[in-house]
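**Q** Structure for the following, please:
(one chain, ligands or ions: 2)
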Amino acid sequence: APVNVKKICCIGAGYVGGPTCAVIALKCPHIQVTIVDLNQARIDAWNSPDYALPIYEPGLVDVVRVARGRNLFFSTSIDVAVQEADLIFVSVNTPTKKSGVGAGFAADLNYVESATRHIAAVATSSKIVVEKSTVPMRTAESMRTILEANSKPGLRFDILSNPEFLAEGTAIDDLFAPDRVLIGSLQTPEGKSACQSLTNVYANWVPVDRILTVGVWSSELSKLAANAMLAQRISSINALSAICEATGANIEEVAHAVGRDTRVGPKFLRASVGFGGSCFQKDILNLVYLSESLHLPEVAAYWRQVVTLNEYQKRRFSKRVVDTLFNTITNKNIAVLGFAFKADTGDTRESPAITLIRDFLSERAHVTVYDPQVEVSQIWFDLSEALPDVPLEQIKKQVTIANTALSAAQNSEAVVVATEWKEFRDIDWRAVYDTMKKPAFVFDGRMILDRDALREIGFEVMTIGRGD
Ligand code: NAD
Ligand code: UGA
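**A** Ligands and ions are numbered 1, 2, ... in the order given. Okay, here's the model as predicted:
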């Protein structure tokens, strides 16, 4: 019979574990949820009395305010939380490997494996272990092997795959009303019973027809497939944006016309400076690696091209800036508005803004950055990582971090919009114009600005996917 889940432990208090399990706690007051992490600073931030949470996500604070201390707890006492739990989410990071076999492509499973070994070492009762992290196919099998080989005799471990589909910036809405919840299990009576236990947790607020139960391998592959197909849509529209810029076509009109076909659908067709975020590139490369390991080179090449096109899009944009500014930006001031990989998040992982700034710096421009959410220390960290051969003191001579969009634009020859923050639309553009060198250029990498109004003021405006 399915276990009646009373206590949940989530290992990993990051962008996924934090919001996901906070929402479970909110929606299931009868379940005690403890989110644990090795990172003391992160846990302290989750517990901070003034709710200065470690991640910025609209609506998250309200969820934590209600549930924290009631049935939601954040802790570094991993052992206790694991021992007490009936069900454990493993929601640790799975970055692309930096060295060794599969470097640059395969997922680094070190964190998943050590979390799994930790569960095996301390568990004193049977558990349902849920793979929440995005992982290569067959990881659930490895987790099972590790748990069975290292645990105390007589304990049972049922492994489920339950990938997360939330997008940053809309995580809380996505979790409150998911398109679907996917649960993969072995098709044995025990596997199906564990699957039912987790289904019962989600059924507290998700309609049951949105809870899809499948085999464990299908579940693992579906997560990679969903991200690959979403990213592929963006690379498709971005590839078309290059054609638009070279002709008189307008990518917004093209996307609208194509998206009106109900078979294509209107969403996720916005041309941009390129996609960023911690997962799209990582998960596609993971799929490329899988395809190669399975001796399917054509399949690998197909998916790899989605990433190649994205790199091209970023390079193409920074080249357009240089070309337009009379083929040199040396010693010129470029204001970059936005550093996060998308609006409504403070997350900068794989942000296209980083690539653009790196390109501008290599042309020896001076760059001023403004982002409403990203921490100053994070910007320095990301730029040092992007320019490993340049000492930070040198980077700091070329880069200034501003507190407002207006001050970032002061004395600049060009303003580049890299993130689609709503506030960039509402800046006092006339005031911006007055502070800038002339001709004053605006490069809209996100299609959010009112071109006519800006041209009226006197700006030279360049928009992604528009030749005029
Ligand atoms: P993250 O880096 O924000 O969080 C992971 C956390 O796990 C870190 O705080 C780290 O300290 C902790 N951790 C690592 N090993 C641990 C261990 N052994 N014991 C305890 N804590 C440990 O990562 P994230 O963005 O939350 O992503 C987690 C997983 O979810 C990844 O596999 C990712 O691909 C997937 N995912 C992410 C998103 C997203 O929007 N960020 C969406 C869907 C899926
Ligand atoms: C993405 C997926 O949307 C989630 O379903 C998935 O769970 C998650 O990856 C993950 O596995 O990590 P996320 O990366 O948070 O979520 O954000 P998206 O909204 O997908 O945006 C990704 C990037 O694509 C951003 O840089 C965004 O600006 C860009 N984008 C998005 C476009 O350029 N055009 C679009 O039309 C949509």
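
**Q** Can you classify residue 214 as helix, strand or coil?
**A** Following DSSP: H, G, I helix; E, B strand; the rest coil, residue 214 is assigned to strand.

**Q** which non-adjacent residue is nearest it?
**A** Among residues not flanking residue 214 along the chain, residue 184 sits closest, at 5.2 Å (C-beta to C-beta, 6 or more residues apart in numbering). Every residue, glycine included, has its C-beta placed from N, CA and C.

**Q** in the helix or strand where the one you found lies, what counts as buried?
**A** Taking DSSP states H and E as the criterion, residue 184 maps to strand 181-185. Within strand 181-185, the residues that count as buried by 16 or more other C-beta atoms under 10 Å are 181, 182, 183, 184, 185.

**Q** what about the closest residue to ligand 1 within the chain, which SS state?
**A** Residue of the chain nearest ligand 1, by C-beta to the nearest ligand atom: residue 14 (1.9 Å). Recorded secondary structure, residue 14: coil (three-state DSSP).

**Q** Surely it touches residue 93?
**A** Yes. The pair residue 14 / residue 93 is scored as a contact, 6.5 Å apart, by C-beta atoms under 8 Å.

**Q** Contacts only, for the closest residue to residue 95 other than its chain neighbours.
**A** Once flanking residues are discounted, residue 95 sits nearest to residue 108: 5.2 Å by C-beta to C-beta, 6+ apart. With contacts defined as C-beta atoms under 8 Å, 6 or more residues apart in numbering, the neighbours of residue 108 are 94, 95, 96, 97, 98.

**Q** tell me the contacts of residue 26?
**A** For residue 26, the contact set (C-beta under 8 Å, 6+ apart) comprises 63, 66, 67, 72.

**Q** what does stretch 418-432 rub up against?
**A** 272-273, 336-344, 351-353, 356, 371-372, 405-406, 409, 415, 417, 440, 445-450, 453-454, 457, 459.

**Q** Output that stretch in PDB with nothing but the alpha carbons.
**A** Presented in PDB, the C-alpha positions along stretch 418-432 are these (Å, rounded to 0.1, in the frame of the first residue of the first chain):
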ATOM      1  CA  ALA A 418      20.400  42.700 -22.400                       C
ATOM      2  CA  THR A 419      17.500  41.700 -20.000                       C
ATOM      3  CA  GLU A 420      13.800  42.300 -20.500                       C
ATOM      4  CA  TRP A 421      13.200  44.000 -17.100                       C
ATOM      5  CA  LYS A 422       9.900  45.900 -17.400                       C
ATOM      6  CA  GLU A 423      11.400  49.000 -15.800                       C
ATOM      7  CA  PHE A 424      13.700  49.500 -18.800                       C
ATOM      8  CA  ARG A 425      10.600  50.300 -20.900                       C
ATOM      9  CA  ASP A 426       9.600  53.000 -18.400                       C
ATOM     10  CA  ILE A 427      12.900  54.800 -18.000                       C
ATOM     11  CA  ASP A 428      12.800  58.600 -18.600                       C
ATOM     12  CA  TRP A 429      14.500  58.100 -22.000                       C
ATOM     13  CA  ARG A 430      14.500  61.800 -22.600                       C
ATOM     14  CA  ALA A 431      16.700  62.300 -19.600                       C
ATOM     15  CA  VAL A 432      18.900  59.300 -20.700                       C
END
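
**Q** tell me the mean pLDDT for that stretch?
**A** The average pLDDT within stretch 418-432 is 97.

**Q** Report the buried residues of that stretch.
**A** By neighbour count on 16+ other C-beta under 10 Å, the buried set for stretch 418-432 is 418, 419, 420, 421, 424, 427, 429, 432.

**Q** do stretch 369-381 as well
**A** For stretch 369-381, the neighbour count (16+ other C-beta under 10 Å) marks 369, 370, 371, 372, 373, 374, 378, 379 as buried.

**Q** what's the first-to-last distance across that stretch?
**A** One end of stretch 369-381 to the other measures 14 Å (C-alpha to C-alpha, to the nearest Å).

**Q** What segments of the stretch 101-250 of the chain are strands?
**A** Secondary structure of the stretch 101-250 of the chain (DSSP state E, counting those that start in this stretch): strands at 127-131, 157-161, 181-185, 211-215.

**Q** Identify whichever of those lies nearest to ligand 2.
**A** It's strand 181-185; of the strands of the stretch 101-250 of the chain, that one is closest to ligand 2 (C-beta to the nearest ligand atom) at 11.0 Å.

**Q** does that closest one come close to ligand 1?
**A** No. Counting by C-beta under 6 Å from any ligand atom, ligand 1 has no neighbours in strand 181-185; the shortest distance is 11.6 Å.

**Q** Report the angle between that strand and strand 211-215.
**A** When axes from the mean of the first three to the mean of the last three C-alpha atoms, to 10 degrees is applied, the directions of strand 181-185 and strand 211-215 differ by 30 degrees.

**Q** For the residue nearest to residue 402 when sequence neighbours are not counted, what is the enclosing helix or strand?
**A** Leaving aside its sequence neighbours, residue 402 sits nearest to residue 408 (C-beta to C-beta, 6+ apart; 3.7 Å). Assigned by DSSP H and E, residue 408 belongs to helix 405-409.

**Q** Show me what counts as buried in that helix.
**A** Neighbour-count burial for helix 405-409 flags 405, 406, 408, 409 (criterion: 16+ other C-beta under 10 Å).

**Q** Dump these to CSV, plus distance to residue 238.
**A** Below are those laid out as CSV (distance: C-beta to C-beta, whole Å):
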residue, distance to residue 238
405, 25
406, 30
408, 26
409, 26
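
**Q** What distance do you get for residue 358 to residue 187?
**A** According to C-beta to C-beta, to the nearest Å, residue 358 and residue 187 sit 48 Å apart.

**Q** and what of residue 63?
**A** For residue 63, the distance to residue 187 (C-beta to C-beta) stands at 35 Å.

**Q** out of those two, which sits in the more crowded spot?
**A** A side-by-side neighbour count of residue 63 and residue 187, using other C-beta atoms under 10 Å, places residue 63 first with 22 against 12.

**Q** I'd assumed residue 22 was in contact with the more buried one.
**A** Yes. Assessed by C-beta under 8 Å, residue 63 is found in contact with residue 22 at 4.9 Å.

**Q** before we move on, back to that, save the contacts of residue 26 as CSV, and put in secondary structure, distance to ligand 1 and pLDDT too.
**A** Shown next, in CSV, are the contacts of residue 26 (DSSP: H, G, I helix; E, B strand; the rest coil; distance: C-beta to the nearest ligand atom, whole Å; pLDDT from 0 to 100):
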residue, secondary structure, distance to ligand 1, pLDDT
63, helix, 16, 98
66, helix, 22, 98
67, helix, 18, 98
72, strand, 17, 98
